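Trainee: below is the sequence, then the predicted model.
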Amino acid sequence: MFKLETNLLTYHYPESEKPALHDISISIPAGEFIAVIGANNSGKSTLCYALAGVVPHLYHGKMKGSVLIDGTNNNNRTVSEIALHVGLVLQVPGSQMSGVRFTVFEEVAFGLENRGVPREKMRERVETVLALMDLQEYATRSPYQLSGGQQQRLALATVLAVDPTILVLDEPTTFLDPQGAKLVFDTLQQLQQQGKTIVVTEQRLDLIAGYADRVLAFDKGHLVMDGRPREVLTSPKIQSINLNWTRYTQVADLARQKGLWPRDLPLSASLFETVDGLSHRRKTHAHSR
Amino acid sequence: MLPQQSTATLFIDTGSWVQQLHPFTKLSYILLTGVTVYLGLSGWKYTCLFLLVNAVIVASARVLKQTFHTLGRIMLPLLLFMIPIHGFLYPENKTVLLDAYGMTLYQEGLVYAITTLSKLTMVLMASLLFVFTTHPADLITALSHAGKSPSLAYLLGSPLLLLAGMRERIETIQSAQRARGMQTEGNVVRRFCSLAPMILPLVIGAIVEVEQRSIALEVRGFKSTSAKTSLRILSDSTVQRLARWLMLLTGAAIILFRLIS
Amino acid sequence: MLIHVDNISFTYCNSVTALHNLSCEISAGERIALTGHNGSGKSTLVKHLNGLLKPSAGKVWIDGKDTTTAKTVQLAGHVALLFQNPDDQICKRTVWDEVVFGPKNLGYPTKRIESLAEEALMLFELTPFKTRNPHDFGYSERKRIAMASIVAMDTPVLVFDEPTAGLDPYEISLLTTTFKKLQSENKTVIVISHDMDFVVENVARVISLAVGRKVFDGSVRDLFKKPVLINTCGLRLPQVIELGNACGLQYPALSPGECVAALEEQLRQVDNS
């Protein structure tokens, strides 16, 4: 049984003619790190919403096919029940806040209060999660006085509080600087090592290459590629779906044209792979002399 | 560094005994004050007694300075406005107190103005006591404990935090429009016209925020039907519960007495 | 000199000092990136260029005008400023009305307003949506609408605050095209950005701020010779430069083409030795 499955998922937003998702079938085993890429309006966010049950439970609209979490159909659960299994982090961290809690600590506790967790257990859990997200020193601060990166970590903390096994993040790095973005992905990698299944949508392809086990590429609501990062990110198809190769891939491609890239080696999408590919060529070059 | 966001709470953390009281106890006190002042006892002696008692409570809550400062800011303009209006123009004016420069100040109007203002002062004092000594989070907790519907507590609680961000946003929107050459200074018509480009972004922003927040609340189990718990501990006691009932019953008795007589 | 920032300091009313003794000169036709951590004073600085903020000390001169005495309304005709969040800016019910709002405020003749708006809409591929409501669209389209309305103001200086955040690569390429066009018209473009891959390909000069002070002012190539500086500004090296460093290139290469050429050269030297 897969951790997360969608079967021929098609979804129309209300009053929209074109489907936002078209016949999407994905099977995700537990513990995988999945990056979802695609241009704007390609269906990435809608996929996140569908996995968390926000679509169609809160947006209504027309849905065909199914989303299964641990074998249970999302249609048979409420959004709040699904959230115990699938933690959804929204794109703008500010909108994840409850709006009725005055400190970071209370904000994280909010979801636990709603689930009736006893006070002592709640305190313990909040402290654990704050430590995990490196937010202890801000526990008594207002959630609205944090920097962008801290607020993003707080949004993640509020989701982690109820300990879901799957984390779904909708472009978590849009409003962060490059170092902040990298920090988010480092955190996700840690969570993966603790056994979580990660699904994250992302525009920065160079960031994905070093973290994801698998990349899904979307175009106009269709799943157009599904494979290992190196294979998907270096595919010529990337350009045709309004994305760009990373500069690493561009260099590798040019290098190949100039004979600086081993003929049987596929193009690369990350710094490490590219440096490796280029050094390989130099070694063979030296040997041949 | 960004300018710090102002918060909309007036709470002052003094740790006083009034602060420890359950929010509903303090709310009951406001209610009782209102009913007593407007429907119950009247007369100079009671007014003075009431003011004294309240002043003592406020002082022991260690918010005396803030309370009188705010009271002054609200009551002084009213005083300056109402005393002459009623002193000169109150319909039942008979007894002349002062007659100068063709203007006549009457006793009845003066008494009426002072009575009205002193009643208002007392209710205001009790309310300020509540506002200064109650952390909004405690009020929200109390409301969600008491009510069957969490939405009411949310409705009452959220503006405190959300309005705080509003002022900052208004400033940003205004800057954005001024940067596009919008006139914000000048005559009344021009100022009025400059409001429209401010309101639309603000309203749309609020709608988007409501939509996103409703998703966030849903995924965070806000509408979950299971019994809720609370992180904050609200101190309450049998004495307080009794006191609340007593205050509410007294209030009800006064209203009833008024209706009959 | 088009822009002359003369030793300015700025303190917010809550006594947070956002800028310290900052000076810089910018001439017509320059393309400049303003970089630094969140809270380093970048946004505060650009708000001085159109008089939204007035320096606590020092002076800012725009095209010979002192911003302390000139009104923002007048300066708006010289410096257009794109705010980070398009939703702070969009205030009309059709895309067309939104784009002509700025030029109308500046009092341009109708003919000119129309041709400017048409052109700006075309640059951001918004022409088919003229009569639509901006709020029918997603974030990135709204961002494009906001950018088109700034470009339509036809000012000698344009400032963009994080223009690439939330845009996909295709939309970023529209912005690149727009920058090229603005440069051909000898307009000054100042861009606040964390996106180093965008910066390296679109600007010539970088000004870096850290806690309200200028810590670097020079060419892009020189900036990338200072990795410590990149770190203190919360930035990351652009991918090509990172790659060049990892391959032991002596000089920072700014584009994939340059990088591969340098790699070839490196190999040739190995061969010769």
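Mentor: Right, received. Where do you want to start?
Trainee: just the helices in the stretch 151-261 of chain B please.
Mentor: B:188-193, B:196-219, B:238-260 (DSSP state H, counting those that start in this stretch).
Trainee: relative to residue A:92, which of those helices is closest?
Mentor: helix B:196-219 (6.7 Å; C-beta to C-beta). Glycine gets a C-beta too; all of them are placed from N, C-alpha and C.
Trainee: returning to that earlier point: the helices of the stretch 151-261 of chain B: which one's closest to chain A?
Mentor: helix B:196-219 (3.6 Å; C-beta to the nearest C-beta).
Trainee: what is the mean pLDDT for that closest one?
Mentor: Helix B:196-219 shows a mean pLDDT of 86.
Trainee: which neighbouring elements make contact with it?
Mentor: helix A:54-57, helix A:79-82, strand A:86-89, helix B:150-178 (3 or more C-beta pairs under 8 Å, 6 or more residues apart in numbering or on different chains; DSSP states H and E).
Trainee: tell me which residues in it are buried?
Mentor: B:197-198, B:200-202, B:204-205, B:209, B:212-213, B:215-219 (16 or more other C-beta atoms under 10 Å in any protein chain shown).
Trainee: closest to residue B:260 out of those residues?
Mentor: For those, the nearest to residue B:260 is residue B:217 (47.3 Å; C-beta to C-beta).
Trainee: quick one, what contacts that closest one?
Mentor: A:98, B:154, B:223 (C-beta atoms under 8 Å, 6 or more residues apart in numbering or on different chains).
Trainee: surely the first one forms part of a strand?
Mentor: To tie it back to what came earlier, the one meant is residue A:98. No. The assignment for residue A:98, made by DSSP: H, G, I helix; E, B strand; the rest coil, is coil rather than a strand.
Trainee: what count of nearby residues applies to the residue nearest to it when sequence neighbours are not counted?
Mentor: Leaving out its chain neighbours, the residue that sits closest to residue A:98 by C-beta to C-beta, 6 or more residues apart in numbering or on different chains is residue A:110, at 4.7 Å. By the criterion of other C-beta atoms under 10 Å in any protein chain shown, residue A:110 has 23 neighbours.
Trainee: again with residue A:14
Mentor: Residue A:14, neighbours per other C-beta under 10 Å, totals 9.
Trainee: please apply the same query to the one 3 residues further on.
Mentor: In terms of burial, residue A:17 registers 6 neighbours under the definition other C-beta under 10 Å.
Trainee: where does it land on pLDDT?
Mentor: Reported pLDDT for residue A:17: 86.
Trainee: what's the answer for residue A:184, then?
Mentor: For residue A:184, the predicted pLDDT is 91.
Trainee: quick revisit: which of the contacts of residue B:217 has the most neighbours?
Mentor: residue A:98 (23 neighbours).
Trainee: closest point of the stretch 1-150 of chain B to chain A, which residue?
Mentor: residue B:137 (5.0 Å).
Trainee: what secondary structure does the closest residue in space to that residue that isn't next to it in sequence sit in?
Mentor: Of all residues not flanking residue B:137 in the chain, residue A:102 sits nearest, at 5.0 Å (C-beta to C-beta, 6+ apart). At residue A:102, secondary structure determined by three-state DSSP is coil.
Trainee: and for residue 215, the neighbour number?
Mentor: Picking chain A for this. 25.
Trainee: try again with chain C
Mentor: 16.
Trainee: direction included, what does the helix or strand harbouring it pair against?
Mentor: Per DSSP states H and E: residue C:215 is located in strand C:213-219. Note on strand C:213-219: by DSSP bridges, its sheet partners are strand C:205-210 (antiparallel).
Trainee: name the surrounding residues that touch the partner strand.
Mentor: So strand C:205-210 is contacted by C:22, C:24, C:30-37, C:40-42, C:45, C:199, C:214-220, C:223, C:229, C:232-233 (C-beta under 8 Å, 6+ apart).
Trainee: report the buried residues of it.
Mentor: In strand C:205-210, counting by 16+ other C-beta under 10 Å, buried: C:205, C:206, C:207, C:208, C:209, C:210.
Trainee: okay, the residue nearest to residue B:137: pLDDT?
Mentor: 86.
Trainee: and it, how far from residue B:238?
Mentor: Distance of residue A:102 to residue B:238, given as C-beta to C-beta, to the nearest Å: 29 Å.
Trainee: got it, and residue B:213?
Mentor: 39 Å.
Trainee: quick check: chain neighbours aside, which residue is closest to residue C:179?
Mentor: For residue C:179, the spatially nearest residue (C-beta to C-beta, 6+ apart) is residue C:202, at 5.3 Å.
Trainee: next: residue A:26.
Mentor: Per C-beta to C-beta, 6+ apart, closest to residue A:26 is residue A:6, 5.0 Å.
Trainee: hmm, residue A:24 and the one you found touching each other?
Mentor: Yes. Using C-beta atoms under 8 Å, residue A:6 is in contact with residue A:24, at 5.3 Å.
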